[in-house]
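got a sequence here, can you build the structure:
(one chain, ligands or ions: 3)
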Amino acid sequence: SSLCLSKEVMLKSSPADLVTETDQRVEKILISAIRDKYPQHKFIGEESVAAGERLELSDSPTWIIDPIDGTVNFVHRFPFVAISIAFAVNKQTEFGIVYSCVEDKLYCAQRGGGAFLNGEPLHASGQEDISRCLVVTEIGAERDDLALSTMTSNIFRLLKLPVHGVRALGTAAVDMCQVATGGADAYYHIGMHCWDIAASALIVQEAGGVVMDTDGSQFDMMSRKVIAASSSAVANRIAQVVQAFPCRLEGTFSNI
Ligand SMILES: O=P([O-])([O-])O[C@@H]1[C@@H](O)[C@H](O)[C@@H](O)[C@H](O)[C@@H]1O
Ligand SMILES: [Mg+2]
Ligand SMILES: [Mg+2]
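Ligands and ions are numbered 1, 2, ... in the order given. Down below sits the predicted model:
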């Protein structure tokens with residue numbers, strides 16, 4: 001459910017977790033168009049889940065959709081907003097698309113087929129030295145003390161390594177795509193959802209990057225914790241430094 005701030009902007013899980021009629025309308029258009037063509041497929045849409053639909057990643061062909069990634073940016077006209085669409089079968093993403101609307105940049109990847117930006121091949125930087133890395137993360141929508149102190153101390157510890165810098169665009173999907181372009185060397189996030197990063201995780205992997213959980217285990221799009229990096233060395237170094245805070249786990253799994 002969401003609290004109405006105005007006709008256009010409503011609140012979800014916190015005073016910083018916004019949704020607009022545009023988020024909801026874009027998601028309905030996307031799901032309706034895809035469902036017309038593939039009626040047997042399943043959908044995980046950010047705003048459908050917010051409206052009460054079960055969040056269930058099964059083995060069925062599933063479209064994972066964030067209709068506007070960066071809604072706070074959208075509301076403030078901060079020019080980084082994206083649509084993220086991933087397609088998964090047997091819980092494995094087969095292709096992903098992130099369209100950064102204001103920049104008119106289309107990031108895409110198909111498993112085993114490489115990653116592209118507006119048709120040009122993408123390659124991660126391959127950087128292995130953490131002290132030469134530009135790191136991207138997100139502030140997130142959490143506003144409880146534990147989440148905020150953990151998130152800010154993670155940034156503090158990284159800056160003290162040191163790394164060259166820390167950036168946050170306000171859209172997880174576009175943040176993570178910067179690792180695929182080589183414009184950033186790592187991205188990490190605690191608290192994001194599967195729809196934020198399912199597409200961009202594949203884009204990073206197909207660009208030669210590494211994606212894993214912040215605890216160093218295998219990447220799981222439902223775990224709400226992720227590191228995407230230029231190399232295993234950088235990913236593992238970040239896993240040593242960042243700490244997670246408790247996040248309500250995503251929905252349920254089933255092998256339907
Ligand atoms: O809600 P939304 O704009 O689709 O997605 C947003 C993410 O892209 C961002 O990384 C995160 O910091 C925000 O809290 C929010 O989750
Ligand atoms: Mg999002
Ligand atoms: Mg969204």
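
who in the stretch 51-200 of the chain is up against ligand 3?
Residues of the stretch 51-200 of the chain lying near ligand 3 by C-beta under 5 Å from the ion: 66, 68-69. No exception for glycine: its C-beta is placed from N, CA and C like everyone else's.

residues in contact with residue 45?
27, 30-31, 53, 63, 65, 67, 195 (C-beta atoms under 8 Å, 6 or more residues apart in numbering).

contacting residues for residue 100?
80-82, 106-107, 171, 174, 177.

quick one: residue 74 and ligand 2, what's the gap?
11 Å (C-beta to the ion, to the nearest Å).

that residue contacts residue 21, doesn't it?
No: using C-beta atoms under 8 Å as the test, residue 74 is too far from residue 21 to be in contact (11.4 Å).

for the helix or strand that contains residue 148, packing partners?
With secondary structure defined by DSSP states H and E, residue 148 is part of helix 145-159. In terms of contacts (3 or more C-beta pairs under 8 Å, 6 or more residues apart in numbering; DSSP states H and E), helix 145-159 is packed against strand 165-167, strand 186-190, helix 232-241.

turn the ones you listed into a markdown table, including distance to residue 148, mean pLDDT and mean neighbour count.
Shown next, in a markdown table, are these (distance: least, C-beta to C-beta, whole Å; pLDDT from 0 to 100; neighbours: other C-beta atoms under 10 Å):
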| stretch | distance to residue 148 | mean pLDDT | mean neighbour count |
| --- | --- | --- | --- |
| strand 165-167 | 16 | 98 | 15 |
| strand 186-190 | 12 | 98 | 27 |
| helix 232-241 | 18 | 98 | 19 |
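
just put these in a markdown table and tack on distance to residue 129.
Formatted as a markdown table, the helices and strands packed on helix 145-159 follow (distance: least, C-beta to C-beta, whole Å):
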| stretch | distance to residue 129 |
| --- | --- |
| strand 165-167 | 14 |
| strand 186-190 | 12 |
| helix 232-241 | 8 |
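
between those, which one is closest to residue 46.
strand 186-190 (15.2 Å; C-beta to C-beta).

so what strands line up beside the closest one?
Sheet pairing of strand 186-190 (DSSP bridges) gives strand 134-136 (parallel), strand 225-229 (antiparallel).

give me the distance from stretch 12-29 to the chain's centre.
16 Å (C-alpha atoms, centre = their mean, to the nearest Å).

same check on stretch 56-73?
Distance, centroid of stretch 56-73 to centroid of chain: 9 Å (C-alpha atoms, centre = their mean).

and that stretch, what's buried?
56-58, 60, 62-73 (16 or more other C-beta atoms under 10 Å).

the stretch 1-150 of the chain: helices as residue ranges?
21-37, 46-50, 71-76, 145-159 (DSSP state H, counting those that start in this stretch).

can I get these in a markdown table including mean pLDDT and distance to ligand 1?
Conversion of those to a markdown table gives the following (pLDDT from 0 to 100; distance: least, C-beta to the nearest ligand atom, whole Å):
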| stretch | mean pLDDT | distance to ligand 1 |
| --- | --- | --- |
| helix 21-37 | 97 | 7 |
| helix 46-50 | 96 | 6 |
| helix 71-76 | 96 | 4 |
| helix 145-159 | 98 | 10 |
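
so which of these is nearest residue 206?
Using C-beta to C-beta, the helices of the stretch 1-150 of the chain put helix 21-37 closest to residue 206, at 21.9 Å.
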